[in-house]
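Chemist: just the structure for this:
(2 chains)
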Amino acid sequence: MIINVKSLRKCYLADLLALDSVDLTIEDGEFVALVGPSGSGKTTLLNILGGLDTHYEGSVRVDGVELKEMDDKALSRYRNTRVGFVFQSFHLLPDSTLVENVSLPSLFSKARHFKQVENDATEVLRLVGLDHRGKSYPTRLSAGERQRVAIARAIFNKPKLLLCDEPTGNLDKITAKTIMEIFESLNNEGVALVIATHSDYVAERAKRVVYLEKGKVVREEKRGMI
Amino acid sequence: MNIKGFARQVGRNITKSKYRLLSGAFGLALGSATLSFFVALSFGIRDKVLGRIYPSNQIEFEVEKVPVFGLGIKVSSRIDEPVLSAIKGLDGVSAVYPKQASKFQAKLWGGREIFGYRANLEAFFDGVQEELVHDELRNLEEASLGPENLGIPCSKDSDCPRGGSCRESSCHRPTYYDKFRDPRIVLPCLGDSDCVEGETCINRRCARPCDKCKGNEVCIQGECLQRCERPSDCAPSQECKSFPQGFACAPIPCSISDPAQQLYDQPPKSLPPCPSGTYCATKDLLSREGFCEAPIPVLLSPFIVDVYNSVAATAYGLPRLSGPEVGLGLPFSILFGESYFVEDESAYKRLVKRAKVVGFSSKALDFGVTMPLSVVQRLNAFYRGRQSALEFTSVVVETTKADAVPAIIQDLKVLGLVPTAKSEERRKAMGALAVLTVLFLALSLFILVISSLNISHTFMTLVHERRQEIAIYRAVGATLLDIKALLLAEAGIIGMAGGGVGVLAGFLLSRLFVFGMEKTLGGMFSVNIDIFSFSASVVLLGILASFVFALLGALVPSSVAAKTDPVKVLSQS
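Modeler: Next up, the predicted model:
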């Protein structure tokens, strides 16, 4: 999956420019860190790349298809099968078990047998080391564990691109290291990662770092050149 | 969308918000209960009360009477065969059933079997065609006595309980409704004018002359008799007798020792004895000679039993009758030609005949007995001449559709016929019922609309509370339609559950209502006073109305939910 961003511009209000003339290409299996101060447009860029926000100017093409030209059904399918979101605040459903949280995308994809869905969810939980907690509820977990569940949910439908917004922002260093190990392992398996972060630790692990400032890409660096 | 997973999620959402949804469901249940209660009541009144008198596509007409000095005087028109033919030819008329009242006096006595003493009454009677009451008699009989087929396997009649008969290897209870047919009583005569059209006076009996014989009949001594090969080919009151022309069903002559015994409760013994179920009917009150006859089958109005229970039983301390079925098979005697009110006929025109109650019908005379039409016609001809049998008192017109009735009324007005008071009352009652039904429906709909608004408010609150959850659904791939469907499915289930509970509550309320009525008015009415008709359509209507109003209530909240901006919501939380 190749994403081509050209002259991307996004205004929230008439005078609040979130992104301005952003050009960016994300290749298959890349690991890109978006770095910049708060309000630099990192989250806005992730939302647009993930098809959550299609009110933009310019062009965002996924394998040649313009996101803002997709109808609701196609866009929903894109979010369901081709990208996964990991949020800083996890955004888990507190009244659902871990298995139910992880398998949430299956509600909106092709029919699978209930047992199959449960097995798949347990398998994904195993990848993040939480398969033994499948029947637990998110409220009983630590922040790090919740983020691992959020990652499990994001990769449940085996997407090609993970969009992560400050995934380690609420975590201590040790937990952040665990999370990053999971991300690196997913990236090694071919999943492209785009992580918005303030953390140097995270940025150091990315293969490419894109610096944003006031909605503009001010610098790009390959790994080892920071 | 994964339907099974989706259904599970809907179930989880309902469980999660059960207390909040309960208030919405309660309102729907209330609306549905009101709706089903009132609709069942309206249907019940229409079908069980008004429909009993006449179905909506039947209306009874009589000759219009004009008031003259306080008396209702008939205008010149009459109901006879040409008028009946004219009515049959009208658009929308499917059948006509003439009725004829008695045009002479009579007394009756009997009832010792039920009341414990002999009741003597003036006898008023009329005649109706068997086809007019056949279905009603069968339905009422089945409602009182249960299905005809008892479901008991058998090989012969003696295997069956209580006089039942074995047919098609299954026991059938004795039936009465099919006994309402002309038993061909023997009527004396002096001339042809004493007999109805188609009969002449032969050997001082009204009989069909030989020129009127049908294919299965043979001419014996100037009258048509039915051919037979064995006794069972003939009616119980006849014998299969050998004549030079062949075997034919002939009346069985009989005699009694004392004519005065005819006025006793039981028929006098005859010589030779008449076959079972028949008695010796003499030529007149003073005569010893006569023929064996089956009793005349008669119908009573259920109203008589109501009046007896509410007035006579209370006044004389007599036992109340549990229902019309206790009167089925009740024998009594009629003395035609005598009256408590007017002068008696001459002795040779006084006849004693036996009768038997074979059914109860709302179309029977309220105070009197109703016989097969041809019996009344023959009696009227005997007492008042051939012409009197040709004029009918009223006619029941059956239309192809209920809405054809107003046009028929207009058409018959031209012929000088107007609906009878009973029919007109029913029509007015139907109109009033229609207005009441609309009012009841409006009240139920009002409750449902309020419930729908309540559902709307509840779901709006839920959407607000669940906006983060909805945003997550959108982020993981839910379409706008999925979000709407989730909310509408929840509302639909709440609606159906509320509707189901409502219909059940409406049904229980109706039982309570009937129970209260039975406690208050118990014994006053012979007929079942359950005036509710909880048919499958009422149940379906109650559930469907609740379902639809729940969906309507959730329509706006589901649209609001679908419009939830995941970017905004997820960035806020």
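Chemist: contacting residues around the residue of the stretch 251-400 of chain B found nearest chain A?
Modeler: Nearest residue of the stretch 251-400 of chain B to chain A: B:Thr400, at 52.2 Å (Cβ to the nearest Cβ). Where C-beta positions appear, they are placed from N, C-alpha and C, glycine not excepted. Going by Cβ atoms under 8 Å, 6 or more residues apart in numbering or on different chains, B:Thr400 touches B:Asn57, B:Gly92, B:Val93, B:Ser94.
Chemist: got phi/psi on A:Tyr137?
Modeler: phi -110, psi 150 (degrees, to the nearest 10).
Chemist: just give the nearest non-adjacent residue to it, would you?
Modeler: Excluding its sequence neighbours, the residue lying closest to A:Tyr137 (Cβ to Cβ, 6 or more residues apart in numbering or on different chains) is A:Thr97, at 6.0 Å.
Chemist: okay but that neighbour is in contact with A:Gly134, surely?
Modeler: Yes: between A:Thr97 and A:Gly134 there is a contact under Cβ atoms under 8 Å: 6.6 Å.
Chemist: what pLDDT is listed against the residue of the stretch 251-400 of chain B closest to chain A?
Modeler: We have a pLDDT of 87 for B:Thr400.
Chemist: let me see the backbone angles for it.
Modeler: Dihedral angles (degrees, to the nearest 10) for B:Thr400: phi -70, psi -30.
Chemist: which members of the contacts of B:Thr400 are the farthest-apart pair?
Modeler: Pairwise distances across the contacts of B:Thr400 (Cβ to Cβ) peak at 10.2 Å, for the pair B:Asn57 and B:Val93.
Chemist: tell me, what's touching the two both at once?
Modeler: Counting by Cβ under 8 Å, 6+ apart, the residues touching both B:Asn57 and B:Val93 are B:Glu398, B:Thr399, B:Thr400, B:Ala404.
Chemist: which SS class is the residue most central in space within chain A?
Modeler: Chain A has A:Leu163 as the residue nearest its centroid, 1.7 Å off, counting by Cα atoms, centre = their mean. Three-state assignment for A:Leu163 (DSSP: H, G, I helix; E, B strand; the rest coil): strand.
Chemist: least confident secondary structure element in chain B?
Modeler: helix B:51-53 (a mean of 58; mean pLDDT, DSSP states H and E).
Chemist: just the helices in chain A please.
Modeler: Using DSSP state H, the helices found in chain A span residues A:42-49, A:72-81, A:98-102, A:114-127, A:143-154, A:173-188, A:200-205.
Chemist: avg pLDDT for the shortest one?
Modeler: Read that as helix A:98-102. 93.
Chemist: if we ignore the residues flanking it in sequence, what's nearest the residue of chain B found nearest chain A?
Modeler: The minimum distance from chain B to chain A, using Cβ to the nearest Cβ, falls at B:Gly477 (2.4 Å). Distances taken as Cβ to Cβ, 6+ apart put A:Asn80 closest to B:Gly477, at 2.4 Å, once the chain neighbours are dropped.
Chemist: need the residues of chain A near chain B, please.
Modeler: A:43, A:47, A:50, A:52-53, A:72-73, A:76-77, A:79-81, A:85, A:87, A:89, A:91, A:93, A:95-96, A:100, A:103-112, A:114, A:117, A:153, A:157 (Cβ under 8 Å from any Cβ of the partner chain).
Chemist: could you tell me which of the residues you listed count as buried?
Modeler: Buried subset of the residues of chain A next to chain B (neighbour count, 16 or more other Cβ atoms under 10 Å in any protein chain shown): A:43, A:47, A:50, A:52-53, A:76-77, A:79-81, A:85, A:87, A:89, A:91, A:93, A:96, A:100, A:103-109, A:112, A:117, A:153, A:157.
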